[in-house]
Each structure stands twice: as structure tokens, then as C-alpha cells.
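[1] Have a look at this prediction, sequence included:
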Amino acid sequence: MSKRRVAYYYDGDTGSYTYGLGHPMKPHRMRVTHDLVSAYGMLEKMHVLRPKRATPEVMTAFHTDEYIHFLNRVTPETAEELTYHGTRFLMGEDNPAFEGVFEFCSISAGGSISAAQRISSGAADIAINWAGGLHHAKKREASGFCYINDIVLGILELLRIYPRVLYIDIDCHHGDGVEEAFYTTDRVMTCSFHKFGEYFPGTGTQEDRGRGKGRNYTVNIPLKDGITDEAFKRVFEPIINKIMEVYRPGAVVLQCGADSLAGDKLGCFNLTMNGHAHCVQYLRAFNVPLILLGGGGYTVKNVARTWTYETACALGIQDDIDPNLPWNEYFEWFGPRYRLEVPENNMDDLNVRDGSLDKVRATALQQLSQLPCAPSVGCMRCQGKEPGGGSDESDDERYDSDGSSYRRRKRMSILSNRVVNVDPDVGRGPPRGRRFFKSAVRWDETYGRVRLGKEPVLGSLSGSRLGGTMEATGRSTPGGDVTMEDWEDGTSV
């Protein structure tokens, strides 16, 4: 197998953080993985780098200033006050305000951004950041154990060089945060293979295909419990092959969430280590610049085994490494067999039993057949605060993940797979952050000036009301006092 230049990003501090006692997300799994990769002697075959930590300014390429400011100052002691009693930023029990949460996020995001820069510069063919892949984080709030969406930040970096980027997600949970960020653009195609049906985050049906310029550039493959290696391969290979044929991406980002493995504490698939790693091998064969990221995975020993093996796949040495584990600091964790393997269990594959897998594959291929040739990119504004990159739709029709849909979005807990009811009027009220897609400012043709959406038109006022309005001149705006909330909402000038 041909050699690839592989860059491997790792920060030794990433395994020192903890979400709290009893929480299923264990950052320590990155340290266990790194130790096993080192024990196999793979570090000498890669360019090992410590990523530059992402600054608050860098994080605001996607996230709102308000949210980043919150993460930068929240502590376990101030969380109740700063989240307005759990109604903003961190809602539910999935995302605790643990000690050092911002530093942890800066490591994860910095690794994915650095990996994207390494790929964009041509210095590497494959870049690995197992601390990344936190695909649930939203523009203005944490979700599903994810605080900062390092994937979106990395893809935005790739878009500076590559006209088209393909994002593939094999985590057991739907990659909703990344899909939402690029829902209205054709410059990023998202393809998620995930469990659907009373399962966090409750999104990712095949009816969700994108909007505006992004129509049909969002591909969802909803699956049922117990999918095996063979069944997964039957749906993964033809769909990815078709995408590579019609979309022709300049770079590929693969989120290798390990909760799709058999026996995961929160997952419900039945993939072995080899079946999971087959996705890495299949994409590597296309010889397109590739970024490998981590993600979910809550049975730590299986996460470490799989990401170690997938590191070997990136290097092309998977057939040469010994399945019997070498001695390492965490050797006793891998008993009783002490082998580099994750076997399947005796789950029933509901995808094959009811024939739904063939229907899902046919629907996805039919969607991809509707795409024209690969979209080109002319001179345009650099991707920044509006990751959608624009749309032909009107402001009222355009998808808005930050403002108008805030109250309506259904939130689920990844721990319980139940809807979390949050009253946005508790405490300070609903968030009034920046709204990039809609403004209440209008141009008044009659008076030849900018007018606020809620400012009355003088010609429509009665004589008494007109007099009152003129009397108030110099003391307030015609439509009443403009409050700080109005200023934050973008309705004042």
C-alpha cells in the first residue's frame, strides 16, 4: 500500500480534564489511545505535533461572541448564575461546567484547525486529531457533551483553499451541529450515518436535504439497531463512491465516532473494530487529502483500540501490526484477551430483518443522482460568520440556526434520549444574540431614510397621536424607547 505523509496532533494535557464523577465522556481516553499508538511504534512513522490552542477570537469564526465569552469565564461555582439557572448556553445535565472547560475546548479546536492548515499547506496527506470530532456543538450553545464545534472551525479553514469539502460522520449519533452549520451551502457536503428513532439528537431523516444552494448537499443515512460490518459496508461504499464521483471534493473530513462499535455504553450498533476502520481504508484509497477526527465513544478500552488501529490504517501498516497488544501503561485495562480487537456481539440487525437498509440506500443514491456536476466557486467573500456562504432565498425563507428557530428547536439529552424542556423566559429571558440572516431595518421610500421595523409611519398616525409623537421628539424614538435588548437584536441603528 502506498505511503502517505501523516501528521498526528496530540496535546498531553487533554487527558487531564474530567467532565465529573460518573459522566460517560472520558477525555482520558485520548491519553490511553496515545499511549497505545506509542507502544506500537507508530509515532516514529508520523509527524507528531502539539497543536496551537485556539483563541477566543478564532472560535468566533463560527460561534457567537457571547457564547465564547461565557465559556471563557464559566466555572462550576458560577455556572448557575451565568447560565441563568440552566436556560442558556449549558442546558440539562449533558454538558457540565467542569473545571478547565475552556482550555479543554481550545485544545480540541486547535487540533482540528491545525490539521486543516497542515492539509491546506500541502505538508501532509492525512492529518489526525483524535481529540476533535465534537459534532453536536451549536453556534450559541453546548450539546451532547460538545462545547466547541472543532469540525466546523476546521472545515472553514479548509474552505480558504479548497472549493469543496466533504464531511462524513460514522458516529452512532447524527452529526447535527455540522449539518446545521452548512445547511445552505453547496461548498460543503455533509453525509451522516447514524441511529435514528427516539435517539439523541432526534434529527437526521432523509427528508433533511439542505436548503437554498445547499439543497441535496446534505445526505442522511438513518439506521436502526444492531447494524453489522457487512450491512454497514453495503450502504457505506456505494453512497460514498457516488458522492466522490459527483461532488469531487478537494478534501475530506471523517469523524470516526467510536460509539458505533459493538458494546459501547451509549451506542446501539454492532460494528467490529475492522468494520469501523474499513471506512478509513476506503477513503484513504481515493488519495484525496483526509482529516481523521475522534468523536463519541464511551467504552474507553474499545475507543483506544479502534483509534490506534485506524492510525495504523492511515499509515498503511494495519496488516503488519501484532494483534497481541504490546506492553503499555494501561495494559491491564485491555484484559482478559489483551488483543487489538473489538468483536461483534449477538444483537439482531433490525436493518436487514425489515429490509429498511435497501430502501435507505436507494433513497440516498436517488438524491445524489439529482445533483448536477460538481459546483464551482468564483470570487466570493471568505467564509466567516455565515458558514452557509449565502443563498438565493429571501431572508424570511432562509434557514436560521441562531435566531428565529431558537425557541422552536427540540433539545434532547444524550444521556436519557428524552426531550429536555427548557423555559427560555426563566431568569433573564430568551437569548437575544446576533442574528445574521434577518434585520428589522427597512428603507422608507416616502421619507428617504432608514426606518426601524417597529417604528410607526408618521403618515398613518391620527392628529392626536402625531402631536404626541412630535412632542416626544428629542426624548425618545417615535416607536418608544429603544432598549438594550432591541440593540442586541439588531433592530436599532
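    Now that the structure is in, tell me what you want to look at.

[2] so where does the residue lying closest to T55 once chain neighbours are set aside fall, helix or strand?
    Nearest residue to T55, sequence neighbours excluded (Cβ to Cβ, 6 or more residues apart in numbering): S106, at 7.4 Å. Yep, even glycine has a C-beta here, placed from its N, CA and C like the rest. Assigned by DSSP states H and E, S106 falls within helix 101-120.

[3] Could you look up the next helix or strand downstream of that helix?
    As assigned by DSSP H and E, the chain's next helix or strand after helix 101-120 is strand 126-129.

[4] Which other helices and strands does that following strand contact?
    Helices and strands touching strand 126-129, by 3 or more Cβ pairs under 8 Å, 6 or more residues apart in numbering; DSSP states H and E, are strand 6-9, helix 101-120, strand 290-293, helix 300-315.

[5] Would you mind giving those as a markdown table with distance to D169 added?
    Listed next are the helices and strands packed on strand 126-129 as a markdown table, based on distance: least, Cβ to Cβ, whole Å:
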| stretch | distance to D169 |
| --- | --- |
| strand 6-9 | 20 |
| helix 101-120 | 14 |
| strand 290-293 | 10 |
| helix 300-315 | 15 |
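
[6] Out of these, which is the most enclosed?
    strand 290-293 (a mean of 28; mean count of other Cβ atoms under 10 Å).

[7] Which neighbours in the sheet does that strand have, and how are they oriented?
    Neighbouring strands of strand 290-293 in its sheet, by DSSP bridges, are strand 126-129 (parallel), strand 251-255 (parallel).

[8] in the last one, what's buried?
    When neighbours are counted by 16 or more other Cβ atoms under 10 Å, the buried residues of strand 251-255 are found to be A251, V252, V253, L254, Q255.

[9] mind giving me TSV with those residues and columns for pLDDT and distance to H174?
    TSV is the format used below for these (pLDDT from 0 to 100; distance: Cβ to Cβ, whole Å):
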residue	pLDDT	distance to H174
A251	98	22
V252	98	19
V253	98	16
L254	98	16
Q255	98	11
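
[10] avg pLDDT for the helix holding S106?
    Helix 101-120 carries an average pLDDT of 98.

[11] okay but the residue nearest to T55 is in contact with P51, surely?
    No. If you go by Cβ atoms under 8 Å, S106 and P51 don't touch, sitting 9.4 Å apart.

[12] Next, the contact list for the closest residue to W333 other than its chain neighbours, please.
    Spatial nearest neighbour of W333, excluding adjacent residues (Cβ to Cβ, 6+ apart): K301 at 5.1 Å. Counting by Cβ atoms under 8 Å, 6 or more residues apart in numbering, K301 touches V32, W333, F334.

[13] Make sure I have this right: the first one is in a strand.
    Spelled out, it's V32. No. Per DSSP: H, G, I helix; E, B strand; the rest coil, V32 lies outside any strand segment and is helix.

[14] re the thing from before, residues touching the residue nearest to T55, list them.
    Neighbour list for S106: R53, A54, T55, M59, I148 [criterion: Cβ under 8 Å, 6+ apart].

[15] Relative to A258, how far out is W307?
    Distance, W307 to A258, by Cβ to Cβ, to the nearest Å: 7 Å.

[16] before we move on, what about F145?
    To A258, F145 is 13 Å away according to Cβ to Cβ.

[17] can you check T184 too?
    30 Å.

[18] Between those two, tell me which one has more neighbours.
    More neighbours surround A258 than the other of T184 and A258, with 32 against 27 (other Cβ atoms under 10 Å).

[19] Check the burial of the residue nearest to that one when sequence neighbours are not counted by counting its neighbours.
    Counting by Cβ to Cβ, 6+ apart, A258 lies nearest to G297, which is 3.0 Å off, once chain neighbours are set aside. Other residues within reach of G297, judged by other Cβ under 10 Å, total 30.

[20] What of K265?
    Neighbour count of K265, defined by other Cβ under 10 Å: 11.

[21] That one and P24 touch, don't they?
    Yes. The criterion here is Cβ under 8 Å, and K265 meets it with P24 at 5.8 Å.

[22] thinking again about what came up before, so which of the contacts of S106 are in helices?
    M59 (DSSP state H).

[23] could I get the contacts of S106 as CSV with pLDDT?
    Output for the contacts of S106, formatted as CSV (pLDDT from 0 to 100):
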residue, pLDDT
R53, 98
A54, 98
T55, 98
M59, 98
I148, 98
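
[24] what stretches of the stretch 351-493 of the chain score poorly on pLDDT?
    The stretch 351-493 of the chain contains residues with pLDDT under 70 at 378-409, 421-445, 447-493.

[25] For the chain, just list every one of the helices.
    Going by DSSP H, the chain shows helices at 28-39, 56-59, 65-73, 79-82, 101-120, 150-158, 176-181, 229-247, 273-284, 300-315, 350-353, 356-369, 463-471, 484-488.

[26] give me the number of residues near P76?
    Using other Cβ under 10 Å, the number of residues around P76 comes to 12.

[27] mind checking how far the residue lying closest to it once chain neighbours are set aside is from L153?
    Using Cβ to Cβ, 6+ apart and skipping the chain neighbours, the partner closest in space to P76 is A97 (5.5 Å). According to Cβ to Cβ, A97 stands 21 Å off from L153.

[28] And the two? Which one has more around it.
    Set A97 next to L153 and count neighbours by other Cβ under 10 Å: L153 wins out with 26 against 22.

[29] shouldn't that one be in contact with I113?
    Yes. Here L153 reaches I113: they are 5.4 Å apart, a contact under Cβ under 8 Å.

[30] Which neighbours do those two have in common?
    Common contacts of L153 and I113 (Cβ under 8 Å, 6+ apart): A54, V58.

[31] Near T203, how many other residues are there?
    20.

[32] check contacts around N216.
    Contacts here follow Cβ under 8 Å, 6+ apart; on that basis N216 touches R209, G210, Q367, L368, Q370, L371.

[33] distance of the second one from G335?
    G210 sits 47 Å away from G335 when distances are taken as Cβ to Cβ.

[34] Looking at these two, which one has more neighbours?
    Shown here are G210 and G335; by other Cβ under 10 Å, G210 has more neighbours (23 against 9).

[35] Spatially nearest residue to that one (excluding sequence neighbours)?
    In space, and not counting its chain neighbours, G210 is closest to T218: 3.9 Å by Cβ to Cβ, 6+ apart.

[36] Quick check: that neighbour vs I227, distance?
    Distance, T218 to I227, using Cβ to Cβ: 21 Å.

[37] ok, now A54?
    From A54 across to I227, the span is 35 Å (Cβ to Cβ).

[38] And A374, by the same measure?
    Applying Cβ to Cβ to A374 and I227 gives a distance of 30 Å.

[39] For the nearest residue to H135 once chain neighbours are set aside, list the residues it contacts.
    In space, and not counting its chain neighbours, H135 is closest to G175: 4.2 Å by Cβ to Cβ, 6+ apart. Contact analysis of G175 by Cβ under 8 Å, 6+ apart lists H135, H136, I151, Y167, D169, T190, S192, H194, G204, Q255.

[40] try it again with 10 Å
    By Cβ atoms under 10 Å, 6 or more residues apart in numbering, G175 lies in contact with 133, 135-136, 149, 151, 167-169, 190-194, 201, 203-204, 220, 255, 257, 295.

[41] any idea how far it is from K26?
    21 Å.

[42] Please apply the same query to V246.
    Counting by Cβ to Cβ - V246 and K26 are separated by 39 Å.

[43] the more surrounded of the two?
    Neighbour count, other Cβ under 10 Å: between V246 and K26, K26 has more, with 18 against 15.
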